[in-house]
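A.B. asks: Got a sequence here, can you build the structure:
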Amino acid sequence: MDFLIPLLWLGIVISVFAQLLFYKLIRAGNLVNVTSLFYLVPVVTAVMDYLVLGNRLAPLGLAGMVSILAGPVLVCRAAPARKR
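C.D. replies: Numbers count the residues shown, from 1 in each chain. Presented below is the predicted three-dimensional model:
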């Protein structure tokens, strides 16, 4: 059972659902916004590591996570309307 849950998580959630979500986002939105979401992978991994395994992140690591989160925030925020 200890092997089955991670195997199902990797096989179904990450491989299938993540790819379907990725393609849906590409089809529906701006490619720059979609690719900026890749920067969130390390942050989500660190949060899951803390929640599931209880591993704490060092203060410098937390500062890095804040700087990583600043990138997608800057890219995905609403841009002012351009004049034609």
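A.B. asks: Could you report the pLDDT at F38?
C.D. replies: Note on F38: pLDDT of 81.
A.B. asks: Mind listing what's buried along the top helix by length along the chain?
C.D. replies: Criterion DSSP state H: the longest helix present in the chain is helix 59-76. Going by neighbour count (16 or more other C-beta atoms under 10 Å), the buried part of helix 59-76 is 65, 72. From N, CA and C alone the C-beta is placed, and that goes for glycine too.
A.B. asks: contact partners of it?
C.D. replies: By C-beta atoms under 8 Å, 6 or more residues apart in numbering, the surrounding residues in contact with helix 59-76 are 32-33, 36-37, 39-40, 42-43, 46, 57.
A.B. asks: which of those has the most neighbours?
C.D. replies: Each of the contacts of helix 59-76 was scored by neighbours using other C-beta atoms under 10 Å; the highest score is A46's, at 18 neighbours.
A.B. asks: in stretch 39-58, what counts as buried?
C.D. replies: Neighbour-count burial for stretch 39-58 flags A46 (criterion: 16+ other C-beta under 10 Å).
A.B. asks: Which residues outside that stretch are in contact with it?
C.D. replies: 61, 65, 68-69, 71-72.
A.B. asks: all strands of this protein, in order?
C.D. replies: Applying DSSP state E to the chain gives no strands.
A.B. asks: now, among the contacts of helix 59-76, which is nearest to F3?
C.D. replies: When those are ranked by distance to F3 (C-beta to C-beta), A46 comes first, at 23.9 Å.
A.B. asks: how close does that closest one get to L57?
C.D. replies: A46 sits at a distance of 6 Å from L57 (criterion: C-beta to C-beta, to the nearest Å).
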